[in-house]
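Q: I would like the atomic coordinates for the input below:
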Amino acid sequence: MTTAAGVAEGDKDTGVAEGLTAVPEGYDVRDVEQFLYREARFADESDYDSWEALWTDDALYWVPAGNDSADPMQQMSVIYDNRNRISTRLKQLRTGRRYAQAPPSNLRRLISNIELLGGRAVASVGGTDLEVGANFLVLESRARGTHLWGGRVTYRLRRVDGALRMSYKKVVLVDRDKPIPTMGFLI
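A: Model prediction:
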């Protein structure tokens, strides 16, 4: 588990203004869907270089433990990673010595109910990110058995040099209120 304290004070989720606005111009739902499907495939196939390239420099990746509306700076999280921590997590996976994933899980993610929720102003970049919601189901197969993970993901996407990138990903598990077995496959 990663505690919120592991993220530097300046990396809090405070660069985003409260509330959503209309969906920003220039975002096509089909392009957004293709981006989310590609992100899932990169994660499933352990294509860490491609997956890492999808993130912005100011990225935040959050998997709350328990209360999904809690302040991650005050409550325990399964993951609460800034961009540097995402990179560190991937370096660990690339070594092959992350024993929770030796051998690696066989994974397949299903993404559905994709909704363009609106725009969210980002003070730090002087622009607006597109907020997207989606449901997911992950099938994880390991020697110890098969596990289904389900929930809701909130993404914030931004165009960087003409390409979509993730600035934020929040994964809220359906069974977040129960003891969670190892989630070593998470990147």
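Q: only C-alpha atoms from now on, for both contacts and neighbour counts.
A: Noted.
Q: show me the strands in this structure, by range?
A: Listed in chain order, the strands found in the chain under DSSP state E are 55-64, 77-82, 106-122, 127-142, 145-160, 163-173.
Q: so how far is the shortest one off the chain centroid?
A: Going back to what we said before, that points to strand 77-82. Averaging C-alpha positions (C-alpha atoms, centre = their mean, to the nearest Å) puts strand 77-82 9 Å from its chain's average.
Q: next one: the longest one
A: Taking the mean of its C-alpha atoms, strand 106-122 sits 10 Å from the chain's own mean (C-alpha atoms, centre = their mean).
Q: same question, the fourth one
A: Strand 127-142 sits 7 Å away from the centroid of its parent chain (C-alpha atoms, centre = their mean).
Q: one step back: closest to Phe35 out of the strands of the chain?
A: strand 163-173 (7.3 Å; C-alpha to C-alpha).
Q: buried set for that closest one?
A: Buried residues in strand 163-173, counted by 16 or more other C-alpha atoms under 10 Å: 164-173.
Q: and the angle from that strand to strand 127-142?
A: Put simply, strand 163-173 runs at 60 degrees to strand 127-142, going by axes from the mean of the first three to the mean of the last three C-alpha atoms, to 10 degrees.
Q: can you list the strands that strand 163-173 pairs with?
A: Here strand 163-173 is paired, per DSSP bridges, with strand 55-64 (parallel), strand 145-160 (antiparallel).
Q: looking at the sheet around the residue nearest the centre of the chain, what are its partners?
A: The chain has Lys169 as the residue nearest its centroid, 3.3 Å off, counting by C-alpha atoms, centre = their mean. Judged by DSSP bridges, the bridge partners of Lys169 are Tyr61, Tyr155.
Q: redo the strands paired with strand 163-173 as a markdown table? Include mean neighbour count, mean pLDDT and distance to Glu115.
A: Converted to a markdown table, the strands paired with strand 163-173 look like this (neighbours: other C-alpha atoms under 10 Å; pLDDT from 0 to 100; distance: least, C-alpha to C-alpha, whole Å):
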| stretch | mean neighbour count | mean pLDDT | distance to Glu115 |
| --- | --- | --- | --- |
| strand 55-64 | 20 | 94 | 19 |
| strand 145-160 | 17 | 94 | 10 |
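Q: angle of the longest helix that the chain contains against strand 106-122?
A: In the chain, with assignment by DSSP state H, the single longest helix is helix 29-44. If you take the same axes, to 10 degrees, helix 29-44 sits at 130 degrees to strand 106-122.
Q: show me what helix 29-44 is packed against.
A: Counting contacts by 3 or more C-alpha pairs under 8 Å, 6 or more residues apart in numbering; DSSP states H and E, helix 29-44 packs against helix 48-52, strand 106-122.
Q: nearest to Val32, out of those?
A: Here strand 106-122 is closest among the helices and strands packed on helix 29-44 (C-alpha to C-alpha), at 8.6 Å.
Q: now for the closest one, which elements pack on it?
A: helix 29-44, strand 127-142.
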